[in-house]
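Student: Sequence unavailable; structure follows:
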């Protein structure tokens, strides 16, 4: 979604993991995370909490909830977790895979319907209201009881399982779009996300509010008794499958090499994922990280920019400015605008 592929940073390739939560030291605020997946397993917004080794997503009154995203990406694989969803109309809990081009595979729990879990998928964020399906839950409802949820994602099919039983299967071949000449199937590296969000917030689209069961009651019992809506996750696991054949011989990171956003757009590289600060981009990863441009050959120490990209780098590279100082080009543009305003 950037003006240049080279401006995007590579993303850390996943590892087989079982995540534990003795504390929140392995999670970084999303405003501070700079791509070092070795130091942080997760980045988050909102206010997660811990109890009995489990992670609790919270949504206090009038907030936008909590989102926790894995810093490692998987390119086909399996994710699983034990979940107790939140409850209440307008309150939605999510356990999903999401790629940087908005390929998405979902489990979602609508708080007004605790007898079912919803499944969905998206290709590059394109809305298709026929992609969703409800799966009934056996035993205790999704708020009271623990249930085990699993997404098994391969190049050929996606399986959604509940409590060890496959409840839904989507095949890649069923997603063929003859007009666009492509499979509209999730196919790009994705990270695991845990979320609790206010789909029934009054400012949301009416269709979203209706899907979520209505507007949120910010004075509901959960808000009064504990100060927030909540959802709990435990036994979170990630299993990574082999990347597609011909996608590169690296093992550290994923990078896009062209803009179609298809499986063929991605390469597995050994490029760094770490930025020195928020003022840098993939065009200038900082000292010792110059091999990160997606135009560079894997493992090389140079970055290849197109003419149009090179001409634009002044606006995103800050290496010639003192810390906290804006680039000269920004001051120039600001000066021109100020003069124009005075003249007018």
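Tutor: Alright, I've got the coordinates. These numbers were taken from a predicted model, which means no experiment stands behind them.

Student: what packs against the helix or strand containing residue 224?
Tutor: Residue 224 is part of helix 221-226, with elements assigned from DSSP states H and E. Counting contacts by 3 or more Cβ pairs under 8 Å, 6 or more residues apart in numbering; DSSP states H and E, helix 221-226 packs against strand 228-240. For every residue, glycine as well, the C-beta is placed using N, CA and C.

Student: Any idea how far the strand it packs on is from the middle of the chain?
Tutor: 15 Å (Cα atoms, centre = their mean, to the nearest Å).

Student: right, and the helix or strand after that strand?
Tutor: strand 253-256.

Student: pretty sure residue 197 belongs to a strand, no?
Tutor: Yes. Per DSSP: H, G, I helix; E, B strand; the rest coil, residue 197 lies within a strand segment.

Student: So the closest residue to residue 107 other than its chain neighbours versus residue 145, what's the distance?
Tutor: Among residues not flanking residue 107 along the chain, residue 95 sits closest, at 4.4 Å (Cβ to Cβ, 6 or more residues apart in numbering). Separation of residue 95 from residue 145 (Cβ to Cβ, to the nearest Å) stands at 16 Å.

Student: Could you do residue 249 as well?
Tutor: 46 Å.

Student: The two: who's more crowded?
Tutor: Set side by side, residue 249 and residue 145 show more neighbours around residue 145, with 15 against 11, by other Cβ atoms under 10 Å.

Student: residues in contact with the more buried one?
Tutor: Counting by Cβ atoms under 8 Å, 6 or more residues apart in numbering, residue 145 touches 84, 139.

Student: List the pairing partners of the host helix or strand of residue 95 within its sheet, with orientation.
Tutor: Element membership for residue 95, per DSSP H and E: strand 91-99. Counting by DSSP bridges, the strands paired with strand 91-99 are strand 104-110 (antiparallel), strand 190-198 (antiparallel).

Student: Looking at those, which is nearest to residue 168?
Tutor: strand 104-110 (10.3 Å; Cβ to Cβ).

Student: Quick one: mean pLDDT for the following helix or strand past that closest one?
Tutor: Remark: after strand 104-110, the chain's next helix or strand is strand 116-122, criterion DSSP H and E. Mean per-residue pLDDT for strand 116-122: 98.

Student: So which elements touch strand 116-122?
Tutor: Strand 116-122 packs on strand 104-110, strand 133-136, strand 157-162, strand 165-171, going by 3+ Cβ pairs under 8 Å, 6+ apart.

Student: got the ones you listed as CSV, with distance to residue 243 and mean neighbour count columns?
Tutor: Formatted as CSV, those follow (distance: least, Cβ to Cβ, whole Å; neighbours: other Cβ atoms under 10 Å):
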stretch, distance to residue 243, mean neighbour count
strand 104-110, 17, 23
strand 133-136, 28, 14
strand 157-162, 17, 19
strand 165-171, 20, 14
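
Student: Of all these, which one is nearest residue 269?
Tutor: Nearest to residue 269, of the helices and strands packed on strand 116-122 and by Cβ to Cβ, is strand 104-110 at 23.7 Å.

Student: quick check: angle from that closest one to strand 228-240?
Tutor: On the basis of axes from the mean of the first three to the mean of the last three Cα atoms, to 10 degrees, strand 104-110 is oriented at 150 degrees to strand 228-240.

Student: Other residues contacting strand 104-110?
Tutor: Here strand 104-110 has contacts from 83, 85-86, 91-98, 116-122, 125, 142, 149, 151, 153, 158, 160, 186, 190, 199, 211-213, 231, using Cβ under 8 Å, 6+ apart.

Student: what about the stretch 201-344 of the chain, any weak spots by pLDDT?
Tutor: In the predicted model of the stretch 201-344 of the chain, residues 287-344 satisfy pLDDT under 70.

Student: where along it do the helices fall?
Tutor: All helices of the stretch 201-344 of the chain, identified by DSSP state H, counting those that start in this stretch, fall at 206-211, 221-226, 307-312, 328-343.

Student: circling back to that earlier point, which ones are touching the residue nearest to residue 107?
Tutor: For residue 95, counting by Cβ under 8 Å, 6+ apart, the contacting residues are 79, 81, 83, 106-108, 149, 151, 192-195, 233.

Student: 7 Å - rerun?
Tutor: 81, 83, 107, 149, 194 (Cβ atoms under 7 Å, 6 or more residues apart in numbering).

Student: Residue 202 now?
Tutor: With Cβ under 7 Å, 6+ apart, residue 202 has these contacts: residue 215.

Student: Could you spell out which stretches of this protein belong to which domain?
Tutor: 5-240, 273-339 (automatic domain parsing).
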